[in-house]
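Peer 1: Structure for this input, please:
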Amino acid sequence: MNRKNLLYLNLSVDEKDVSLGFAKTWTNQFSENFENVDIITLNKPSEITEYQNVKIYGISKNDKSTKFNKYKQIKNIIQKLTAETNYDLCFSHMSPLLLVITRIYSKNRKTPTVLWYTHPKPKEFSKRLILKLSLIFSNKVVTASNSSFPYRSKKVNIIGHAIDSELFQNKRNNLINQNFIILSRISQSKNIELAVDCFLNSKFKNNVITIVGDSVTTQDKDYKEFLKNRYKHNDNVFFEGKVPHNNLPTILSNYSFHINATPSGFYDKSVLETLSAGLFNFYSNSDYNKLFSDDLIQFTNFKLNNSSLTKNLNSVYDLEQKTILEIVKLGQINASNESIKTIFNRIISTIEN
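Peer 2: All right, here's what the predicted structure looks like:
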């Protein structure tokens with residue numbers, strides 16, 4: 001496959017965005033491997049000048065237009081770009097809607113199209129329909145794990161999650177403390193209260209647990225208020241709020257343990273990022289078991305109930321520091337197999353094969 005022109009579809013290119021700031025890492029990777037990169041985004045920043053071969057189009061984050069007018073803007077951009085440029089690849093990053101619109105209005109239907117999607121099945125019928133259409137319109141679909149794409153298809157390729165290993169990598173020779181972090185969007189689907197409750201009922205209870213991340217939807221904001229009210233009398237439970245993606249390694253350097261209580265379907269990059277940063281991970285999604293040997297999973301993987309996680313926490317509390325560090329080291333080594341460079345090569349391979 002030629003690597004001259006890439007059309008990259010995504011939700012945001014704002015590196016300060018807590019949930020989507022990693023799109024900057026993808027942009028860096030694509031700009032190094034394609035001569036020209038055109039990005040169509042639904043959250044266009046006011047200005048980006050650091051790339052000579054990257055142009056950004058789309059909806060300004062300050063645009064107050066109606067949804068219909070925004071749709072027309074995107075349609076016009078797609079028609080113009082695809083008429084002027086012969087793209088070697090169209091890559092849609094967590095944006096099935098943009099992929100569908102692009103396939104409908106593109107002037108060049110022969111461009112190979114790849115959808116990246118790693119998330120459970122949408123609840124809304126309209127979003128499920130769009131996702132199914134994007135599956136039909138894609139040549140290939142790439143996803144992170146066995147459970148991170150909700151529909152079965154021969155088009156689906158499991159390639160792992162892309163993390164900025166160079167940004168997060170931090171090899172530790174000791175545990176700096178026994179403090180915990182939960183790196184997550186604040187949403188009911190993340191089961192944050194289960195994680196905090198188990199921490200407070202475990203042998204670690206005299207230490208600190210900090211939730212880094214924020215709410216997005218109205219429902220999320222209600223859940224955040226519920227959590228803050230639930231733990232308002234616990235002086236060792238903190239809500240850090242938003243942290244820009246590039247600042248996360250500095251924040252993570254202050255903690256030794258991370259809890260991810262999301263169910264199957266959520267292959268969160270936060271587990272891989274915190275592992276790379278040298279934190280011990282407790283996780284409920286068994287898709288991460290591949291990162292550890294069978295004899296160690298009993299310490300890392302828990303079922304989504306209080307007794308299971310509390311048992312794991314207490315078991316790790318009783319481990320020697322040397323053993324904890326060995327578990328972390330193994331996780332780091334295996335997490336490095338899901339670096340952005342590795343995942344990029346796997347994406348290209350799905351098209352070439």
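
Peer 1: so where's the stretch 1-150 of the chain uncertain?
Peer 2: Applying pLDDT under 70 to the stretch 1-150 of the chain picks out residues 14-22, 46-49.

Peer 1: Please repeat the previous calculation with a cut-off of 80.
Peer 2: Residue ranges of the stretch 1-150 of the chain with pLDDT under 80: 13-24, 45-50, 61.

Peer 1: What residues are bridge-paired with residue 239?
Peer 2: residue 211 (DSSP bridges).

Peer 1: where do the helices sit along the protein?
Peer 2: Applying DSSP state H to the chain gives helices spanning 23-33, 67-84, 96-105, 125-137, 165-168, 192-200, 218-230, 248-252, 269-276, 297-300, 306-317, 321-335, 340-352.

Peer 1: just the ones you listed: most buried one?
Peer 2: Compared across these, helix 269-276 shows the largest average neighbour count, a mean of 26 (mean count of other CB atoms under 10 Å). For the C-beta atoms, the positions are set from N, CA and C on the backbone; glycine is no exception.

Peer 1: now for it, which elements pack on it?
Peer 2: Using 3 or more CB pairs under 8 Å, 6 or more residues apart in numbering; DSSP states H and E, the elements in contact with helix 269-276 are helix 165-168, strand 180-183, helix 248-252, strand 257-260, strand 280-283, helix 321-335.

Peer 1: can you tell me which of these comes nearest to residue 120?
Peer 2: strand 257-260 (14.7 Å; CB to CB).

Peer 1: which residues make contact with stretch 332-340 from outside it?
Peer 2: 25-26, 28-29, 144, 160-166, 169, 171, 272, 275-276, 278, 290-292 (CB atoms under 8 Å, 6 or more residues apart in numbering).

Peer 1: Stretch 139-151 too?
Peer 2: By CB under 8 Å, 6+ apart, stretch 139-151 touches 112-122, 131-132, 135, 153, 155-161, 264-267, 285, 287, 338, 346-347, 350-351.

Peer 1: about what we covered before: out of the helices and strands packed on helix 269-276, nearest to residue 237?
Peer 2: Across these (criterion: CB to CB), the nearest stretch is strand 180-183, sitting at 9.8 Å.

Peer 1: which strands and helices sit next to that closest one?
Peer 2: Using 3+ CB pairs under 8 Å, 6+ apart: strand 180-183 touches helix 192-200, strand 209-212, helix 248-252, strand 257-260, helix 269-276.

Peer 1: what would those look like in CSV with distance to residue 104?
Peer 2: Listed next are these as CSV, based on distance: least, CB to CB, whole Å:
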stretch, distance to residue 104
helix 192-200, 39
strand 209-212, 39
helix 248-252, 37
strand 257-260, 37
helix 269-276, 30
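
Peer 1: Where does pLDDT dip in the stretch 251-353 of the chain?
Peer 2: In the stretch 251-353 of the chain (pLDDT under 80), the answer is 353.

Peer 1: give me the number of residues near residue 13?
Peer 2: 24 (other CB atoms under 10 Å).

Peer 1: Show the contacting residues for it.
Peer 2: 23-24, 27, 39, 41, 43-45, 48, 56.

Peer 1: can you tell me which of these are in strands?
Peer 2: Here DSSP state E is the test, and these give 39, 41, 43-44, 56 as lying in strands.

Peer 1: Now render those as CSV, adding distance to residue 234.
Peer 2: Shown next, in CSV, are these (distance: CB to CB, whole Å):
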residue, distance to residue 234
39, 43
41, 40
43, 35
44, 41
56, 43
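
Peer 1: Nearest to residue 244 among those residues?
Peer 2: So of the ones in strands among the contacts of residue 13, ranked by how close each gets to residue 244 (CB to CB), first place is residue 43, at 14.7 Å.

Peer 1: if I look at that closest one, how far off is residue 132?
Peer 2: 24 Å (CB to CB, to the nearest Å).

Peer 1: returning to that earlier point: to residue 307, which of the helices and strands packed on strand 180-183 lies closest?
Peer 2: Of all the helices and strands packed on strand 180-183, helix 192-200 comes closest under CB to CB, at 8.8 Å.

Peer 1: I'd like the average pLDDT over the closest one.
Peer 2: Computed over helix 192-200, the mean pLDDT rounds to 98.

Peer 1: And for that helix, what's in contact with it?
Peer 2: So helix 192-200 is contacted by 180, 182, 184, 186, 205, 209, 211, 226-227, 230-231, 234, 237, 259-261, 304-306, 309-310, 313 (CB under 8 Å, 6+ apart).

Peer 1: same deal with stretch 294-301?
Peer 2: When contacts are defined by CB under 8 Å, 6+ apart, stretch 294-301 is touched by residues 280-284, 286, 288-289, 292, 312, 315-316, 319, 327, 330-331.

Peer 1: could you redo the last one with a cut-off of 7 Å?
Peer 2: 281-283, 286, 289, 292, 312, 315-316, 327 (CB atoms under 7 Å, 6 or more residues apart in numbering).

Peer 1: what's the answer for stretch 58-74, then?
Peer 2: Applying CB under 7 Å, 6+ apart, the contact partners of stretch 58-74 are 40-45, 77, 101.
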